[in-house]
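A.B. asks: just a sequence and a predicted model for now, questions to come.
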There are 4 protein chains.
Amino acid sequence: MAGSSFGTLFKLSTFGESHGPAIGGVIDGVPANIPLSIEDIQNELDRRKPGQSAIVTQRKESDTVQILSGIFEGKTTGTPIGFVIHNEDQKSKDYSHIKDAYRPSHADFTYDKKYGNRDYRGGGRSSARETASRVVAGAIAKQILENIGIDIVAYVDQVGSIKLGNEVDYNEIDNNPVRCPNGDVASEMEAFIKSVKKEGDTIGGSIKCEINHLPPGLGEPVFDKLHAELGKAMLSINAVKGFEYGSGFDAIAMRGSEHNDLFNPDGSTKTNNSGGIQGGISNGMPVTMRIAFKPVATIIPEQDSINKDGEMVKVAGKGRHDPCVVPRAVPIVEAMAAITILDFYLRNKAVSL
Amino acid sequence: MAGSSFGTLFKLSTFGESHGPAIGGVIDGVPANIPLSIEDIQNELDRRKPGQSAIVTQRKESDTVQILSGIFEGKTTGTPIGFVIHNEDQKSKDYSHIKDAYRPSHADFTYDKKYGNRDYRGGGRSSARETASRVVAGAIAKQILENIGIDIVAYVDQVGSIKLGNEVDYNEIDNNPVRCPNGDVASEMEAFIKSVKKEGDTIGGSIKCEINHLPPGLGEPVFDKLHAELGKAMLSINAVKGFEYGSGFDAIAMRGSEHNDLFNPDGSTKTNNSGGIQGGISNGMPVTMRIAFKPVATIIPEQDSINKDGEMVKVAGKGRHDPCVVPRAVPIVEAMAAITILDFYLRNKAVSL
Amino acid sequence: MAGSSFGTLFKLSTFGESHGPAIGGVIDGVPANIPLSIEDIQNELDRRKPGQSAIVTQRKESDTVQILSGIFEGKTTGTPIGFVIHNEDQKSKDYSHIKDAYRPSHADFTYDKKYGNRDYRGGGRSSARETASRVVAGAIAKQILENIGIDIVAYVDQVGSIKLGNEVDYNEIDNNPVRCPNGDVASEMEAFIKSVKKEGDTIGGSIKCEINHLPPGLGEPVFDKLHAELGKAMLSINAVKGFEYGSGFDAIAMRGSEHNDLFNPDGSTKTNNSGGIQGGISNGMPVTMRIAFKPVATIIPEQDSINKDGEMVKVAGKGRHDPCVVPRAVPIVEAMAAITILDFYLRNKAVSL
Amino acid sequence: MAGSSFGTLFKLSTFGESHGPAIGGVIDGVPANIPLSIEDIQNELDRRKPGQSAIVTQRKESDTVQILSGIFEGKTTGTPIGFVIHNEDQKSKDYSHIKDAYRPSHADFTYDKKYGNRDYRGGGRSSARETASRVVAGAIAKQILENIGIDIVAYVDQVGSIKLGNEVDYNEIDNNPVRCPNGDVASEMEAFIKSVKKEGDTIGGSIKCEINHLPPGLGEPVFDKLHAELGKAMLSINAVKGFEYGSGFDAIAMRGSEHNDLFNPDGSTKTNNSGGIQGGISNGMPVTMRIAFKPVATIIPEQDSINKDGEMVKVAGKGRHDPCVVPRAVPIVEAMAAITILDFYLRNKAVSL
């Protein structure tokens, strides 16, 4: 209940703080006899890791995953996969000056209020470093889903006010540091992120995610609707402020006569305002969603803030933060989508005998 | 796992279809010794019930709740509250003509694909009628939260392209059939809904919800962030297409220097882009969220569709549907917010000894 | 979390007190398209109901189940089955004299300590009346298991010191009011129970349960071992004091060389000390278990006790209680076994793709 | 759902096989700000570890725990405690001869049937080695419970037919390798175990466990009764065949008039047949239970068995196994009791506001 587990039949439990010896997790409910490539898991981690380009944080972490159980002779055994990622960039330094300061729009204040203590050496448990464990589980889920024929792709579709248009080439996504599927727009976004970084500031962005070749029938009625769990999955990622699927917020101004997706004889639909989900259950069309990320709270300029005793203090960033979170968030979004979808796939097997 | 339960310590499990004898549920984990007013529960149901105004469905349902357990001598006992709401408007009629037809953008197709069967007498389990059970649980949660001093308010802030501006008077909300906190805007929305209805069409809308006087510390780190569960709660409501909190989708185009909420000496913040939540945990500021609803799929004009065998058929609405879902969805949003918040309030009691 | 739910994929949530308007429950995760006989459900309830013979309580309850959802045209739809059983024997009488008295070895004291209140009109939520809801869910699970070919049988094997020997005829079980599979032993037990009843006293007993034709592979390693969940299921029944499976407590004095079950070439075993379970997982042999029940706490002779204020009071039974609980507990044991097994059957479907 | 987690608010998830690189786990829901002694955790592990005396397995494992998160400056932070124990005694050897053989009364056959594969290098996930992770979580729970004043003690009360009588001295428990609280009986048991070992055979045993100073009110009505969860906890330990609490199986032959526990004016009871639990809820008296363990399945003499293809093969133990499991199981029983009790303690905090 303490909130560090996700999923029901395919379930990830994570542990670890940014400045402890290691982060990691346990993945329970992995189907048996699936060949898994550790290299592919590491590749996904590399897409998330710090220092991969000039527009992300320059913290030094190799983020090397070590699998401790659940895989034997290259295949899953059906028993839990335990794994760790050692923290490497945990310098012992003097934290006394910031120990009691609450950084604006960080989780320092809320953790302290909740637990009566705080790991002041960094974000502690609230650090986005925790998402590396999700990427490990997601990479495993992705490999399993690929076996079934389901594929998941995410990409940056907006940075600040710069929006991706209709020209989209999925092959471009990992060809640029922004992970935008259009080289020209990517260049524009990259230049903008660099200029924001130069000012010591940060900028928001958004990510689109598509799930293709999903069989109809995934998702449960009522509370555990497919999009409700996907929404929770995405909203649980650090810095996310909003989630929509299919027509999303645009549906507010639409009429039923234009929003309804008419059927083709084969059961597919002519339009996809439903975003692949009707009544909380997949209909076989692509599941489409969009996730909004706020600008990172750490900025270079000095800000007024308070400490534990309510006294005014000054806080300032040190420069090793992301100016824009979305390029590194792409593999995290894919990971959470994969974990969620595999869980529903397994749940759906219990619907009929 | 089958998705008909919500919550962990305060948990609602619902049952029931639109055309069966009754809907209802079990609420487990209700704290003991709380005086409950059945009248207040019924009042919330009346805010959701059909036929309450000219701009909602004219189905005839009194939606009278009957409490079967868990309350003794006017107070909660701590044991589960079981309840039923009998379905009254279930005429026995001939469904043979629509039995195999899939209505566009309804859940007919997906339920059939998932379960290999479908209750063709109406939406069955996918009918928004199920949400009446949520309103019962939510009304109970609201009464308990009021005892603690937490209050929840929701209202319509957009219908089609008509938006609520800055002039907001909460006292107006239940003074108009739209549930918009501005009489003039409400009149405009009402007229618009009527004109849409006249055309046999439907229109989308959105609802804002605020939770006030929430103590800091609610919400769990990582997966069960406060806004992630609120997001799931809202996305699980029929017709919802999107969820945002605090700055929401506007955060995409914002910079950290403008988005950060600076502290006042008392720990409150000068702005509230965080929407009352930082790192997934409440900070004591109002929690603010916005929920997007699509236009109802049932429309009067005949639409092309398919049947079970993939043959083209014509389907048409009969007129007893909501032209716009948001007026009746206001109490449902409040209910889901109340259930979610009470659950986190109870979970937070286990954090320290 | 409040403890009124059982199962993971096939999940029962119950509500109701002995003296409220009704008891009932929600069964979620029922596989779709299974024909269900309401008559067979009622038959199981009739095996549990009061007044069925001279050796059980003479309370008057018809225990008629009413199904409210989840069954359409005689088959399960895959959506939750909601049901109620109305309480009929709830006379309005004056409880003031016993309102504050704690009956020895009942749950009066502990409920009051836990909740700060108590439904003094009877056992309230602690009444074994709640188990009628389990029998409904169990009867449904049994019908589904029968479709798969799994069958469950329970019977009384001891009352006081009278033990069933090796002569067992399953056809005898429902031929006598004790539910003992040997007519002669049954008569002896019946006579003994009557003599105990005459004295106003009560007596303990035990029940054996066998699950046959279970496929190998059910049960999960580590915490959710098949026998661990069966143990929890049985220990959750009112008045149960102990659980053993296979060799059980006899294993304490056995050597490995005599306890080990050697294989036949077909994978079956020559002996079954394992009770059909190895490493927490079914091996295809019959699952065998034995459950110990204490004597009912309500006795006719006056007993010393205390009230809420710690003052000494006298309490005495009124005569409408079971002199021995095991005859009516047989269908409850079968019900809990069926619910548990069906849940594991469904869980096992998620093990491989 | 895959069965590797235990607990609701205080929750342990474990991973690891006997012959992989490491075992370990995640403990979520640890209350914040509790000082924890790593040394005390290691002490409990040392009570379980191989090679501690002549009557246990001589496998060489230091069983050193490494804490990876959740503790900062000597206190719990409220975030998950991740930990690992590296496997040291995993020689690379040739397993080809036993690769396909099923050892009698082991889990080889059932794992293979369930998963379609098996880690043939040892017990894999079914090895009792997994219980070391439980001892870590249990040691943490014990320290937290000691802060509240609750203490838990377990000891061996029977080996084969040798029973502990009424002379019990808790101080003796860790003074002898059997962990029996009577030096003379312990010597007799020790000699007997040695003689059984000499024959290459194994012997069963039983453990008693007492929980003292438990406040009244722990445990949930209906399914999650205190003794039902304790029963599941104990039955989930390798080699356990039975569980009883209070009067246990003796209650079968008792009358209500002798079984009922009469109250003292302070709410305590004159006898404790209830074993500290009434209606599934603690009453403040000591919780007492007894757990039956079968003889270890690995024996030295050659046994007939089968392989994957149903061919008859011979299998024989190699000598590095426990001749009797109960001495090393004492800390495991205490660990599972502590985890269960702390979970209910936390759950009980959500009962009232």
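C.D. replies: It's in.
A.B. asks: what helix or strand is the closest residue to A:Ser247 other than its chain neighbours on?
C.D. replies: Residue nearest to A:Ser247 in three dimensions, not counting chain neighbours: A:Asn273, with 4.1 Å by CB to CB, 6 or more residues apart in numbering or on different chains. Backbone N, C-alpha and C define where each C-beta goes, glycine included. Following DSSP states H and E, there is no helix or strand that holds A:Asn273.
A.B. asks: and A:Asn273, how far is that from chain C?
C.D. replies: 26 Å (CB to the nearest CB, to the nearest Å).
A.B. asks: just checking, that residue touches B:Lys294?
C.D. replies: Yes: A:Asn273 is within contact range of B:Lys294, at 7.5 Å (criterion: CB atoms under 8 Å).
A.B. asks: joint contacts of these two?
C.D. replies: Contact with both A:Asn273 and B:Lys294 is made by residues A:Ser247, A:Ala251, A:Met254, A:His259, according to CB atoms under 8 Å, 6 or more residues apart in numbering or on different chains.
A.B. asks: the longest helix along chain A and chain D in contact?
C.D. replies: Ranked by residue count and defined by DSSP state H, the top helix of chain A is helix A:326-348. No: taking CB under 8 Å from any CB of the partner chain as the criterion, helix A:326-348 and chain D are apart, separated by no less than 8.7 Å.
A.B. asks: could you give the mean pLDDT of that helix?
C.D. replies: Mean pLDDT, helix A:326-348: 98.
A.B. asks: so what does it touch, helix or strand wise?
C.D. replies: helix A:38-48, helix A:131-148, strand A:151-159, strand A:205-212, helix A:226-235, strand A:287-293 (3 or more CB pairs under 8 Å, 6 or more residues apart in numbering or on different chains; DSSP states H and E).
A.B. asks: of these, which approaches B:Ala350 most closely?
C.D. replies: helix A:226-235 (20.9 Å; CB to CB).
A.B. asks: relative to chain D, how far out is A:Ile71?
C.D. replies: 9 Å.
A.B. asks: meant to ask about A:Ala338
C.D. replies: Taken as CB to the nearest CB, the span from A:Ala338 to chain D is 17 Å.
A.B. asks: leaving out sequence neighbours, find the closest residue to that residue.
C.D. replies: Using CB to CB, 6+ apart, the nearest residue to A:Ala338 is A:Ala141, at 3.8 Å.
A.B. asks: how close does that neighbour get to chain D?
C.D. replies: For A:Ala141 relative to chain D (CB to the nearest CB), the value is 14 Å.
A.B. asks: got it, and A:Phe192?
C.D. replies: In terms of CB to the nearest CB, A:Phe192 sits 36 Å off from chain D.
A.B. asks: pretty sure that residue is touching A:Ile162, no?
C.D. replies: Yes: look at A:Phe192 against A:Ile162 with CB under 8 Å: they come within range, at 6.0 Å.
A.B. asks: around chain C, pick out the residues from the stretch 201-350 of chain A.
C.D. replies: A:Pro221, A:Leu346, A:Arg347, A:Lys349, A:Ala350.
A.B. asks: tell me which of the residues you listed is nearest to D:Ala335?
C.D. replies: Closest to D:Ala335 out of these is A:Leu346 (30.5 Å), distances taken as CB to CB.
A.B. asks: got a list of what that closest one touches?
C.D. replies: Going by CB under 8 Å, 6+ apart, the list of residues near A:Leu346 reads A:Leu9, A:Phe10, A:Gly29, A:Pro31, C:Ala350.
A.B. asks: tell me the least confident of the residues you listed?
C.D. replies: Within these, lowest confidence goes to C:Ala350 (86).
A.B. asks: can you show me the CA trace of stretch A:239-258 as PDB?
C.D. replies: Only the C-alpha atoms of stretch A:239-258 are listed here, as PDB (Å, rounded to 0.1, in the frame of the first residue of the first chain):
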ATOM      1  CA  ALA A 239       6.900  16.100 -13.700                       C
ATOM      2  CA  VAL A 240       3.800  14.900 -15.500                       C
ATOM      3  CA  LYS A 241       0.900  17.300 -15.200                       C
ATOM      4  CA  GLY A 242      -1.700  16.000 -17.600                       C
ATOM      5  CA  PHE A 243      -2.900  13.000 -19.600                       C
ATOM      6  CA  GLU A 244      -5.300  12.600 -22.500                       C
ATOM      7  CA  TYR A 245      -6.100   9.800 -24.900                       C
ATOM      8  CA  GLY A 246      -7.800   9.800 -28.300                       C
ATOM      9  CA  SER A 247      -9.500  13.100 -28.900                       C
ATOM     10  CA  GLY A 248      -8.600  14.100 -25.400                       C
ATOM     11  CA  PHE A 249      -9.300  17.700 -24.300                       C
ATOM     12  CA  ASP A 250     -10.400  18.500 -27.900                       C
ATOM     13  CA  ALA A 251     -13.500  16.400 -27.300                       C
ATOM     14  CA  ILE A 252     -14.900  19.100 -25.000                       C
ATOM     15  CA  ALA A 253     -15.800  21.200 -28.100                       C
ATOM     16  CA  MET A 254     -16.900  18.400 -30.300                       C
ATOM     17  CA  ARG A 255     -20.300  17.100 -31.100                       C
ATOM     18  CA  GLY A 256     -21.300  13.500 -31.000                       C
ATOM     19  CA  SER A 257     -22.000  13.400 -34.700                       C
ATOM     20  CA  GLU A 258     -18.400  14.400 -35.500                       C
END
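A.B. asks: hmm, back to that, out of the helices and strands packed on helix A:326-348, which one sits most buried?
C.D. replies: Greatest average neighbour count among these goes to helix A:226-235 (a mean of 29), per mean count of other CB atoms under 10 Å in any protein chain shown.
A.B. asks: roughly how far apart are A:His97 and chain D?
C.D. replies: A:His97 is 17 Å from chain D, by CB to the nearest CB.
A.B. asks: and that residue, which of the three is it?
C.D. replies: coil (DSSP: H, G, I helix; E, B strand; the rest coil).
A.B. asks: what about it, neighbour count?
C.D. replies: Residues near A:His97, counting by other CB atoms under 10 Å in any protein chain shown, number 9.
A.B. asks: same check on A:Ser195?
C.D. replies: Using other CB under 10 Å: A:Ser195 sits among 12 other residues.
A.B. asks: what are the contacting residues of the helix or strand hosting it?
C.D. replies: In the assignment (DSSP H and E), A:Ser195 maps to helix A:183-198. If you take CB under 8 Å, 6+ apart as the criterion, helix A:183-198 is touched by A:54-55, A:156, A:159-160, A:162-165, A:169, A:172, A:175-180, A:202-203, A:323-324, B:255.
A.B. asks: tell me which of A:Asn273 and B:Lys294 has more neighbours.
C.D. replies: Between A:Asn273 and B:Lys294, counting by other CB under 10 Å, B:Lys294 is the more crowded of the two (28 against 20).
A.B. asks: hang on, the earlier thing: ok, of the contacts of A:Leu346, which one's closest to chain B?
C.D. replies: Nearest to chain B among the contacts of A:Leu346 is A:Leu9, at 7.3 Å by CB to the nearest CB.
A.B. asks: state whether the closest one is indeed within a helix.
C.D. replies: No: counting by three-state DSSP, A:Leu9 is not found in a helix; it is coil.
A.B. asks: the nearest residue to it once chain neighbours are set aside and C:Pro31, how far apart?
C.D. replies: In this structure, A:Leu9 finds its nearest non-sequential neighbour in A:Leu346, 4.1 Å apart by CB to CB, 6+ apart. In this view, A:Leu346 and C:Pro31 are 15 Å apart by CB to CB, to the nearest Å.
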